[in-house]
Structures are given as structure tokens and as C-alpha cells.
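**Student:** pasting the sequence and the predicted coordinates here, then a few questions.
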Amino acid sequence: MSLLRAREAVMKKFIPSLKEQGLSPQQWRVIRALEQQNGVEISVLAERCYLLMPSMSRIAPNLESRQLIERRSVASDQRRSALFLTPKGLDLFQLIAPKSAERYEHITQEFGYGKLELLYQLLDELVVSLNQSDK
């Protein structure tokens with residue numbers, strides 16, 4: 001419950017600016033991931049964004065219909081496709097990213113840089129520990 005409460009407290013800082021643009025947090029993760037590396041296969045993108053494939057399968061067509069991303073065949077295998085951020089998607093990223101950075105800065109100021117870094121480290125250790133116990 002503590003992890004969920006912390007997630008909700010953090011997301012309260014981000015959701016308003018996303019809603020202004022008609023985006024969900026999951027859709028924003030997809031746009032951010034494609035801005036970092038454009039042309040990613042949908043299954044790889046789902047993993048990078050920590051989304052289940054059924055969710056990714058709903059998000060991609062929505063973003064495509066809004067012309068924020070586009071799907072193209074992979075040159076090495078025409079049966080596979082990759083997703084790309086469109087110029088419109090990049091414009092939206094550039095509109096939201098500064099607001100997102102402001103939110104991160106606010107969280108850092110409120111919580112403290114050292115404590116936030118320690119939290120990131122501890123969360124990473126938690127993930128590694130749980131993933132190792134799944135094997």
C-alpha cells in the first residue's frame with residue numbers, strides 16, 4: 001500500500017498537464033520512449049514502457065489515429081512493424097516535457113536530492129531482488 005500511495009502522490013503532479021493534452025500516463029510513456037529511441041517494435045516498446053501487450057495494443061492505435069505515432073514495416077522482415085513518433089508527436093513531446101521536468105524538479109526540492117537518489121537505488125534493488133526470486 002505504501003508503494004501505491006507514493007505512486008499516486010507522484011502522479012498527482014503529472015496527470016493534470018497530461019490531461020490538458022488528452023493523454024494518459026501510459027500514452028505519455030510511449031511518446032517519451034519513442035522520443036528517446038524512434039522506430040521500436042511494439043513488443044519491445046511495451047517492455048520498455050512497463051506495459052502489458054493488451055494495453056500496448058490499445059494505446060498504439062489510439063496514438064496512431066491522433067497522428068502522434070505511425071507504424072512502419074521493419075525492413076528486414078515485412079511481417080514485423082515498428083512504431084515511430086511523428087512530427088506532431090514530437091511537437092507534443094516538446095510541449096509537455098518542460099512541464100514534466102518542472103514536476104520532477106518540484107519533487108526533488110520537496111523530498112531532497114539525496115533522499116530521492118537513495119529511493120531510486122532502493123527501488124532498483126527491490127526490483128532486482130524480486131526478479132531474482134522469480135527465477
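**Tutor:** The structure has been received and is ready for your questions. Numbers count the residues shown, from 1 in each chain.
**Student:** quick one, strands of the protein?
**Tutor:** 40-41, 69-74, 77-85 (DSSP state E).
**Student:** could you tell me the least trusted of those?
**Tutor:** The minimum mean pLDDT among these belongs to strand 77-85 (a mean of 88).
**Student:** for it, packing partners?
**Tutor:** Packing contacts for strand 77-85, counted by 3 or more Cβ pairs under 8 Å, 6 or more residues apart in numbering; DSSP states H and E, involve helix 25-36, strand 40-41, helix 42-48, strand 69-74. Glycine gets a C-beta too; all of them are placed from N, C-alpha and C.
**Student:** grab the most central residue of this structure for me.
**Tutor:** Nearest residue to the geometric centre of the chain (Cα atoms, centre = their mean): residue 29, 1.7 Å.
**Student:** how much space is there between it and residue 48?
**Tutor:** For residue 29, the distance to residue 48 (Cβ to Cβ, to the nearest Å) stands at 8 Å.
**Student:** residue 10 too?
**Tutor:** Distance from residue 10 to residue 48, by Cβ to Cβ: 19 Å.
**Student:** alright, I will stop here.
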